[in-house]
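[1] fold the following, please.
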Amino acid sequence: MNQTPPPRSLHPVLTAAIRGDLPDWAVAGDKRRAHMARVSRLLERWGRQMGLAKDQVARWQAAGHLHDALRDAPPKRLAGVLPRRFRRLPPGAYHGPAAAHLLRREGVRDRELLHAIRWHTLGSRKFAMLGKALCAADALEPGRPRRRQWRKELRSRFPSEADEVLTEILRHRIDYLLRARQAVPPRTLGFWNSLVSGS
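    Coordinates of the predicted model:
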């Protein structure tokens, strides 16, 4: 948990999220909330390592607590919340855009944070550092049960080798999809291409 009071400039929904208090519309069970708390702590650690100001670290913590706020909601229910353009996404990726949409409806106007939450599952070639860090923390948080040593090693390299770590995460994800003969979402490929080409 945050040891200092959050900055007053943050939207109240974000301030509450830092404490682990989610909006009323959140659908997240205990295991999901524990995952979000671990992501938030990891983001806080990385933000401090980068020397970010307290208000920026607080934003990162809030993003960690909010990114999966709708992960336990049925995709059919989320489809009713999503603007039409997002309904072409894989249903398993609905929760990010739906959470970002509802946060914006609550009055959150932090574009970088909303973009990070919206695309944390699929990735985005337009990610700023918060988006990259959220994507990495979601994949690497220490509570994930598989490939623990791999995750630990990658955690230790972030944020100093952010793009290289994300390339490893995406390579693993894309390889899994290819072996399962599943489509690789175009947005994920775009994120991969931006990382390996440096653009």
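
[2] OK, contacts around Ala69?
    22-23, 25-28, 36, 95, 99 (Cβ atoms under 8 Å, 6 or more residues apart in numbering). C-beta here means a position set from N, CA and C on the backbone, and glycine is covered the same way.

[3] could I get these in a markdown table, plus columns for secondary structure?
    A markdown table is the format used below for the contacts of Ala69 (DSSP: H, G, I helix; E, B strand; the rest coil):
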| residue | secondary structure |
| --- | --- |
| Leu22 | coil |
| Pro23 | coil |
| Trp25 | coil |
| Ala26 | coil |
| Val27 | coil |
| Ala28 | coil |
| Met36 | helix |
| His95 | helix |
| Ala99 | helix |
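
[4] would you reformat the residues you listed as a markdown table and include pLDDT?
    Output for the contacts of Ala69, formatted as a markdown table (pLDDT from 0 to 100):
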| residue | pLDDT |
| --- | --- |
| Leu22 | 98 |
| Pro23 | 97 |
| Trp25 | 97 |
| Ala26 | 98 |
| Val27 | 98 |
| Ala28 | 97 |
| Met36 | 98 |
| His95 | 97 |
| Ala99 | 98 |
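
[5] out of these, which are buried?
    Among these, those buried by neighbour count (16 or more other Cβ atoms under 10 Å) are 22-23, 26-28, 36, 95, 99.

[6] got the contact list for Gly96?
    67, 117-122.

[7] from those residues, which ones fall inside helices?
    If you go by DSSP state H, those have 117-119 in helices.

[8] out of those residues, which end up buried?
    Using 16+ other Cβ under 10 Å as the burial test, those include 117-119 as buried.

[9] can you pull out the helices in this protein?
    In the chain, the helices defined using DSSP H lie at 12-18, 30-49, 54-66, 75-81, 95-105, 111-119, 129-140, 148-157, 162-179, 186-197.
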